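Q: one predicted model, sequence on top.
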Amino acid sequence: MNELSLFAPAVPAMIVGHRSDGITPALGLGEPFALLGGDRLGPTGIRFHLMHEHQPEFWNWVATACDCNLANEQPWFCGKAILLGGKRGAGRTHAARSLAHVAGVPHAILNLTDPLIGSSVAASAMITDQLWALPTTIAMAAARCANPVVTVIGIDRVSENVRAGLVTMIDPATACFWSEDRLGVDIDLSQITWMIQFDDLKNVPSTLRKMAPVVMLNDPPQGHQSAFVISIMLEALRDCKIERGHPVYSVRRIAFALKDGGYNGCLGLYNKVVDAIRELESEDMYSS
Amino acid sequence: MQLLVSATGSQAAPQAIWSRTFQCTEEVAAVVDSIANQQLGLALLGHLTLNFGVAETDQIVDEMISEYHKKLEADKMAAAEDAKNYLIIDLLRFEKYKLHCLELQRKSREDPDWFIRFGRAAERDRLYDWLRWQKPRFGEFLDYAEKFGREGLSKRLIAEMFETERRVKKEGQSAGGSRPLRMWRGV
């Protein structure tokens, strides 16, 4: 009698890359890519571990997105698109990276002010001087995941063509077959969570404003005893590849190494935390 | 003490993620106060425990208890210092708003325990010449003031001063003038 294998829940997947000429798409884009985060949509999942209670508007949007995914019986995380506002240093990229981490999906940055990326986004099917695929495509292909979180930077500082190109990538009607010119592949971007950072809402296309709700971030709290600081510490520890059990993986040690309580914005704090971690690592190395 | 965690909107029973026993209920109260009063709220403690482990939370609670004991010790020291300063009484002589003042003040207090004001400096100094040699009796004077009021003590001091002046004059040691006890050195 055959033995029954243990039950393992299936991971939903989709094929994101399509070619009309029948050739196998590059980067494995023609293979099924996982749609992740479905096991974390409940109350003890993404919203519980996000650690963004200090940003109630953002936290509520994440909770609503999770609830919508559950209500639509869509077992993966997809928040569609939001326009993320707030002062510089409020932690917009940190919020996106934290969301990607707790959802278990990759995070990519699409900097529209980069000339190559801007021209690729703007031209779409036209010939461009792009060198390779967009960071979104690379992130999806590298992680074999169809629903990454993508931070878009510079929407209010680029030309009309680039903005229109981005709208094409996000609009549900056109996002399913966005043309990746250099690869000759139509990419399905419909399951990406777009977090579009803006400084001036007036310069954001009205079509995008209709598609994406505006979520404003508050100024980060000062001092070393807040969920925000802990959240930055965790991000820095992940980036430094320091895992639980490592002597430096200690909030008290890092807080002590930070010395003073002042920091200039989220990035400033992140840099200080990374410096503190490196300092502690070298201290430990010399003492041993 | 247990730290229970429950996700918003979850139907599941709260889960204990950290627990600890304390030596006395005062320590428990100190930790609860510390969590309630500081930025380090319960939610943050929960995040810390979940992300950094129970050892980290234990160390933070250890610090809270150590802070509590330090505060207790500091309070004890302050109380002892206060008690010591209560017994130290200074006699102050100065001029304020064109009035010539004498004050008796305990070191433990911000305000004078007894004071008297004169319109002329010579009057104030006449009493001062006598009062400055009564230092060992300052405590007794303030007890008297507590019992009979500021004016009651003023009357007693002036009466004792006159009596001393008469005695000193009899002994032929008075300096004469408006400050007869100016050259007097007590007893």
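A: Structure's in. What do you need?
Q: max-length helix in chain A?
A: When chain A is parsed with DSSP state H, its longest helix is helix A:265-287.
Q: same question for that helix, mean pLDDT?
A: In this model, helix A:265-287 has an average pLDDT of 90.
Q: what's it packed up against?
A: On a contact count with 3 or more CB pairs under 8 Å, 6 or more residues apart in numbering or on different chains; DSSP states H and E, helix A:265-287 meets helix A:92-103, helix A:227-239, helix A:251-257. Every C-beta, even on glycine, is put in place using the N, C-alpha and C of the backbone.
Q: list the contacts of it.
A: Contacts with helix A:265-287, where a contact means CB atoms under 8 Å, 6 or more residues apart in numbering or on different chains, come from A:87-94, A:220, A:229, A:232-233, A:235-237, A:239-240, A:242, A:247-248, A:253-254, A:257-258, A:263.
Q: quick one, which of the residues you listed are buried?
A: Burial by neighbour count, 16 or more other CB atoms under 10 Å in any protein chain shown: within the contacts of helix A:265-287 this picks out A:89-94, A:220, A:229, A:232-233, A:235-237, A:240, A:242, A:248, A:253-254, A:257-258, A:263.
Q: quick one: the strands in chain B?
A: B:2-5, B:15-19, B:89-96, B:99-106, B:114-118 (DSSP state E).
Q: up against chain B, what does chain A have?
A: Counting by CB under 8 Å from any CB of the partner chain, the residues of chain A lying close to chain B are A:42-44, A:47-49, A:51, A:53, A:221, A:223, A:225-227, A:230, A:234, A:244, A:249-252.
Q: narrow those residues to those that are buried.
A: A:42-44, A:47-49, A:51, A:53, A:225-227, A:230, A:234, A:249-251.
Q: just flag the most distant two among those residues.
A: The largest separation in those, counting by CB to CB, is between A:42 and A:250 at 30.2 Å.
Q: how about the contacts made by the closest residue to chain B within the stretch 1-150 of chain A?
A: Nearest to chain B in the stretch 1-150 of chain A, going by CB to the nearest CB, is residue A:43, at a distance of 3.8 Å. Residue A:43 sits next to B:7-10 when contact means CB under 8 Å, 6+ apart.
Q: neighbour count, distance to residue A:102 and pLDDT for these - can I get that in a markdown table?
A: Converted to a markdown table, the contacts of residue A:43 look like this (neighbours: other CB atoms under 10 Å in any protein chain shown; distance: CB to CB, whole Å; pLDDT from 0 to 100):
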| residue | neighbour count | distance to residue A:102 | pLDDT |
| --- | --- | --- | --- |
| B:7 | 16 | 13 | 79 |
| B:8 | 11 | 15 | 76 |
| B:9 | 13 | 16 | 76 |
| B:10 | 15 | 16 | 77 |
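Q: what subset of these is also close to chain A?
A: By CB under 8 Å from any CB, the members of those lying near chain A are B:7-10.
Q: ok, those residues vs residue A:65, which is closest?
A: Closest approach between these and residue A:65, by CB to CB: residue B:9, at 14.1 Å.
Q: okay, the closest residue to residue B:26 other than its chain neighbours and residue A:7: tell me how far apart.
A: Once flanking residues are discounted, residue B:26 sits nearest to residue B:68: 7.6 Å by CB to CB, 6 or more residues apart in numbering or on different chains. Residue B:68 sits 52 Å away from residue A:7, going by CB to CB, to the nearest Å.
Q: between these two, who's got more neighbours?
A: More crowded of residue B:68 and residue A:7, by other CB atoms under 10 Å in any protein chain shown: residue B:68, with 17 against 6.
Q: tell me the pLDDT of that one.
A: 87.
Q: and the one 10 residues further on, by the same measure?
A: The model reports residue B:78 with a pLDDT of 94.
Q: so how many other residues sit close to it?
A: 10.
Q: if I look at it, how far off is chain A?
A: Between residue B:78 and chain A the distance is 27 Å, computed by CB to the nearest CB, to the nearest Å.
Q: any stretches of the stretch 51-200 of chain A with poor pLDDT?
A: A:123-131 (pLDDT under 70).
Q: tell me where it has helices.
A: A:56-71, A:92-103, A:115-123, A:135-143, A:160-170 (DSSP state H, counting those that start in this stretch).
Q: export the ones you listed to a markdown table and tack on distance to residue A:17?
A: Below are these laid out as a markdown table (distance: least, CB to CB, whole Å):
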| stretch | distance to residue A:17 |
| --- | --- |
| helix A:56-71 | 23 |
| helix A:92-103 | 21 |
| helix A:115-123 | 16 |
| helix A:135-143 | 8 |
| helix A:160-170 | 15 |
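Q: out of these, deepest packed?
A: Mean neighbours per residue, mean count of other CB atoms under 10 Å in any protein chain shown, is largest over these for helix A:92-103, with a mean of 24.
Q: any residues touching it, and which ones?
A: Counting by CB under 8 Å, 6+ apart, helix A:92-103 makes contact with A:36-37, A:40, A:45-46, A:49-52, A:55, A:58, A:62, A:77, A:79, A:84, A:86, A:106-107, A:109, A:148-149, A:151, A:193, A:195, A:197, A:217, A:231-232, A:235, A:238, A:266-267, A:270, all of which sit outside it.
Q: would you put the C-alpha positions of it in PDB?
A: In PDB, the C-alpha atoms belonging to helix A:92-103 read as follows (Å, rounded to 0.1, in the frame of the first residue of the first chain):
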ATOM      1  CA  ARG A  92       8.400  55.800   4.000                       C
ATOM      2  CA  THR A  93      11.000  53.400   2.600                       C
ATOM      3  CA  HIS A  94      11.300  51.800   6.100                       C
ATOM      4  CA  ALA A  95       7.500  51.200   6.100                       C
ATOM      5  CA  ALA A  96       7.700  49.500   2.700                       C
ATOM      6  CA  ARG A  97      10.600  47.400   3.700                       C
ATOM      7  CA  SER A  98       9.000  46.400   7.000                       C
ATOM      8  CA  LEU A  99       5.800  45.500   5.100                       C
ATOM      9  CA  ALA A 100       7.700  43.400   2.600                       C
ATOM     10  CA  HIS A 101       9.600  41.600   5.400                       C
ATOM     11  CA  VAL A 102       6.500  40.700   7.500                       C
ATOM     12  CA  ALA A 103       4.600  39.700   4.400                       C
END
